[in-house]
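Chemist: missing the sequence, but the structure's below:
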């Protein structure tokens, strides 16, 4: 995955330099649209495959997002990045990955995802001899054991249920996809 991540970083910084050269001619809204279309389309493409990677691998992608926020808002490297991301309503990269995985799982549980993804998820069944705290959540998912410690945990059948089970119960019971996305983004913002 490191080769893929390095290519994304290189391409995104190339586009950021191109946008920076014309930034003084752009309005704030035009700059945001350019950054979202050229940078975030690359950061979000297949980012659910990056689940469970070490923070050192994701750090380069976060640097790209930070540079994009500073360019958009015309800030320097010395400005703290968290308020800038909050102002732009941009989730950090590792949170964007969890957001995408959780949204895919919600679609799977509500029959709006491809059949092969739906069939890879199983609801957790409670043992009959002892009650557990997770019994209150009927949508608690089973996380299968994986033989490969690195690649197995990043596969959707493991990473999806892990992201889903970490969410609060009220998010699991959202009535629609739009309501779920709205509540999830509110949950993830610092």
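Modeler: Structure's in. What do you need? Nothing here was measured: the structure is a model prediction, and the numbers come from that model.
Chemist: Which single helix of the chain contains the most residues?
Modeler: helix 2-22 (DSSP state H).
Chemist: helices or strands next to it in the packing?
Modeler: Applying 3 or more C-beta pairs under 8 Å, 6 or more residues apart in numbering; DSSP states H and E, one finds that helix 2-22 contacts helix 28-35, helix 41-44, helix 55-73. The way it works is simple: take the backbone N, C-alpha and C, and place the C-beta from them, glycine included.
Chemist: can you list the weak-confidence ranges in this structure?
Modeler: Low-confidence segments of the chain (pLDDT under 70): 122-138, 142, 147-153, 190.
Chemist: and residue 15, how far is that from residue 64?
Modeler: In this view, residue 15 and residue 64 are 10 Å apart by C-beta to C-beta, to the nearest Å.
Chemist: Sorry, slip of the keys, the one I care about is residue 119.
Modeler: Taken as C-beta to C-beta, the span from residue 119 to residue 64 is 35 Å.
Chemist: And those two? Which one has more around it.
Modeler: residue 64 (22 against 10; other C-beta atoms under 10 Å).
Chemist: how about the nearest residue to that one, chain neighbours excluded?
Modeler: residue 12 (4.4 Å; C-beta to C-beta, 6 or more residues apart in numbering).
Chemist: From residue 182, how far off is the one you found?
Modeler: From residue 12 to residue 182 the distance is 27 Å (C-beta to C-beta).
Chemist: ditto for residue 62
Modeler: In this view, residue 62 and residue 182 are 24 Å apart by C-beta to C-beta.
Chemist: who's more crowded, these two?
Modeler: Set residue 62 next to residue 182 and count neighbours by other C-beta under 10 Å: residue 62 wins out with 17 against 12.
Chemist: Tell me how many other residues surround the residue nearest to residue 60 when sequence neighbours are not counted.
Modeler: Nearest non-adjacent residue to residue 60, counting by C-beta to C-beta, 6+ apart: residue 9, 4.6 Å away. Neighbours of residue 9 under the rule other C-beta under 10 Å: 17.
Chemist: Let me see the contact set for residue 9.
Modeler: 60-61, 63-64 (C-beta atoms under 8 Å, 6 or more residues apart in numbering).
Chemist: No further questions, thank you.
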